[in-house]
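Participant: have a look; sequence and predicted model below, questions after that.
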Amino acid sequence: MPLTNSQELIHSAYLEFDRNSWANLRDNVPLTLSEQDLSRLKGINEDISMEEVVQIYLPLSRLLNLYVSARQERSAVQESFLGVDSAKSPYVIGIAGSVAVGKSTTARILQAILACWPNHPSVALVTTDGFLRPNQELEARDLMKKKGFPASYDIRRLVQFVADIKAGKASVSAPVYSHLDYDILPGVEQKVEQPDIVILEGLNVLQSGMDYPNQLHRVFVSDFVDFSIFVDAEEELLKDWYIQRFLSFRKGAFTDPDAYFHHYASLSETEASKTASRIWDEINGVNLTENITPTKQRANLILKKGLNHQVEQIWLRK
């Protein structure tokens, strides 16, 4: 079967690794996470093992540490040349991918590992969910069924947030999103105060001007990302993971009377599965095809998952 244009680009622009060849690049990076740590970091229905951390995330953390160190050295050279001390500019790592692919778990594991490197960098984790427009505004714009699509974000505020971080501002605030409330929390903010590294996780991290054709601005989040990761999987798996996650929420978070989706808790498992499947087909699957997958080839690194959320292939941009 001939390769598609997308597959040809990946094969020509990236170095490809299987699990074993990638694991060999660890180079004695110490394992700093315990089983208890891992249990706390992984998300709903994600079967992440210590073997996965050792084989996939430790080599990745080594690569990222080398990139961060190189950037810091370049900054020191520039400061020496100019004879001034520049404002501290964090290294920004972007993590993108579909709903239910495990972006949040990837981000949390990397945050925990990177923070344990010998130089003990300060690592902040921010999700772009906080920059979704409040439900009241989405309803007024008839966008509630397009939540997660480009138009549902306050992209200007998100870009300004990342620009302020890169400019080295002493303290930058981000809105906070509640998955329980399915909305922005009024008056609640996350402060980011000059960390060494910022991990920015979200559906839209790699989107650029072509994804926002009606926006007047010409600067996007991707312009401020130093290294980008796309967490990938076949849509069949993604849909199944989404349904399983929905069923887990039905027995957990949805049972809270204050939860936005509390009404789903009363559904039978069959009804819940059908509901989750429909939501995927009408919303998340469409967003994946139209807005998320097209950004994959902008990533510096692609982690391709298979069954049980195990990374099977890794592509590193040449």
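Facilitator: Thanks, I have the structure now.

Participant: in stretch 96-113, what counts as buried?
Facilitator: Going by neighbour count (16 or more other Cβ atoms under 10 Å), the buried part of stretch 96-113 is 96-113. For every residue, glycine as well, the C-beta is placed using N, CA and C.

Participant: tell me which of those fall in helices.
Facilitator: 103-113 (DSSP state H).

Participant: among the residues you listed, which one sits closest to Ser222?
Facilitator: Within those, the smallest distance to Ser222 is 15.5 Å, found for Lys103 (Cβ to Cβ).

Participant: Glu269 contacts Ser248, doesn't it?
Facilitator: No: if you go by Cβ atoms under 8 Å, Glu269 and Ser248 don't touch, sitting 11.2 Å apart.

Participant: where does this protein have low pLDDT?
Facilitator: Applying pLDDT under 70 to the chain flags the ranges 1-10, 43-46, 209-217.

Participant: for it, what spans make up the strands?
Facilitator: Secondary structure of the chain by DSSP state E: the strands cover 14-18, 91-97, 123-127, 172-178, 183-192, 197-201, 227-232, 301-305, 311-317.

Participant: mind listing what's buried in the first one?
Facilitator: Right, the one you point to is strand 14-18. With burial defined by 16+ other Cβ under 10 Å, the residues of strand 14-18 counted as buried are 14, 17.

Participant: which strands or helices does that strand pack on?
Facilitator: Judged by 3 or more Cβ pairs under 8 Å, 6 or more residues apart in numbering; DSSP states H and E, strand 14-18 is in contact with strand 311-317.

Participant: ok, now the fifth one?
Facilitator: Contact analysis of strand 183-192 by 3+ Cβ pairs under 8 Å, 6+ apart lists strand 123-127, strand 172-178 as its packing neighbours.

Participant: for the stretch 201-318 of the chain, which segments count as helices?
Facilitator: Per DSSP state H, counting those that start in this stretch, the stretch 201-318 of the chain carries helices over the ranges 235-251, 269-279, 285-287.

Participant: I'd like these as TSV, with mean neighbour count and distance to Thr293 appended.
Facilitator: Listed next are these as TSV, based on neighbours: other Cβ atoms under 10 Å; distance: least, Cβ to Cβ, whole Å:
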stretch	mean neighbour count	distance to Thr293
helix 235-251	18	9
helix 269-279	15	18
helix 285-287	18	10
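
Participant: got those as CSV, with distance to Val123 columns?
Facilitator: As requested, these are exported to CSV (distance: least, Cβ to Cβ, whole Å):
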stretch, distance to Val123
helix 235-251, 26
helix 269-279, 33
helix 285-287, 28
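
Participant: closest to Leu203 out of those?
Facilitator: Among those, helix 285-287 comes nearest to Leu203, with 7.2 Å by Cβ to Cβ.

Participant: which residues does the closest one contact?
Facilitator: 99, 146, 148-149, 203, 235, 239 (Cβ atoms under 8 Å, 6 or more residues apart in numbering).

Participant: over to stretch 52-60?
Facilitator: Stretch 52-60 is contacted from outside by 19-20, 22-27, 29, 31, 33, 38, 106, 109-110, 113, 229, 301, 303, 309-311, 314, using Cβ under 8 Å, 6+ apart.

Participant: now, of those, which are buried?
Facilitator: For the contacts of stretch 52-60, a burial check counting by 16+ other Cβ under 10 Å picks out 19, 22-23, 25-26, 29, 33, 38, 106, 109-110, 113, 229, 301, 303, 309, 311, 314.
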